[in-house]
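[1] Sequence and predicted structure, then a few things I'm wondering about:
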Amino acid sequence: MKQAVFTLTENEALTSRFSLLRLQGDCSAIHTPGQFVSLSLPGFFLRRPFSVCDWDEQSFSLIVEQVGKGTELLRTLPAGTKLDVLTGLGKGFDLSRAGDAPLLVGGGSGVSPLLGLARRLLEQGCSPRVILGFPGREDLILLDELFRLGIAPTVTTDDGSFGIRGRVTEAMDLPHSFFYACGPAPMLRAVCEKSPVSGQISLDARMGCGFGACMGCTIPTAAGPKRVCKDGPVFDKEDMLWTD
């Protein structure tokens, strides 16, 4: 974990609910897709955690979905704004388990970390397949970025306005060696139950501190209580104890 001041260099509205932000600064603490950062916003006591979408040595990007006053403010900040950021938080995806043809599944804002993951899987010689799920056509994000990597994602929409009508599991019949998934909990559970192979999921949880001190994001797992922020947010499929 590293704390530093970053400069907001880009704040682009992708849809009515989603924006792509890029922040410039020291990214040496970010090592693995699936890690997250925690931003301090002016006028708010608690930091806001966000999955890293993609990164290099000098900058990282993230997807912000407007869900409250904090994210509403963040989506309006101008380029040049300085933000205090904790980077390199959490345990990311294990790329060594990908195999030749891993499947990447994302839903809504959960598609964010899959861009950096796809890029690094390609770099290590894998042929990732990507399935993205959204409520409707107006919610589509990151498709162009994946196409630029040479990946044509399969898209599902709840209302059938784009791609396949239905949930991401409707498109999961593609053979795959391993899976990585990020999105809402019901989707993650369905993906785990549908896939015949092992995989990893990235959980979303309310966090107080973001680095394991407050214990507020603790969940039950097969290996005992685990903190989403410190022991995750990435967990193995086999670790999950799903509750209704």
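    It's in.
[2] And the contacts of the lowest-mean-pLDDT helix or strand in the chain?
    Lowest mean confidence among the helices and strands of the chain (mean pLDDT, DSSP states H and E): strand 218-219, at a mean of 88. The contact list for strand 218-219 (CB atoms under 8 Å, 6 or more residues apart in numbering) reads 203, 205, 225-228. In this view, the C-beta of every residue, glycine as well, is placed from N, C-alpha and C.
[3] since we're on A223, how many residues are nearby?
    If you count neighbours by other CB atoms under 10 Å, A223 ends up with 12.
[4] Which secondary structure state is assigned to whatever residue is furthest in space from the centre of the chain?
    For the chain, the residue at maximal distance from the C-alpha centroid (CA atoms, centre = their mean) is G43, at 25.7 Å. What DSSP: H, G, I helix; E, B strand; the rest coil gives for G43 is coil.
[5] low-scoring pLDDT stretches of this structure, where are they?
    Scanning the chain for pLDDT under 70 picks out 207-210, 212, 244.
[6] so where do the helices sit in it?
    Per DSSP state H, the chain carries helices over the ranges 69-74, 112-123, 143-148, 185-194.
[7] Tell me which of these sits most buried.
    helix 112-123 (a mean of 23; mean count of other CB atoms under 10 Å).
[8] okay if I get the contacts of strand 218-219 as CSV plus neighbour count and distance to E170?
    Formatted as CSV, the contacts of strand 218-219 follow (neighbours: other CB atoms under 10 Å; distance: CB to CB, whole Å):
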residue, neighbour count, distance to E170
L203, 20, 23
A205, 15, 27
P225, 10, 34
K226, 18, 31
R227, 21, 33
V228, 25, 28
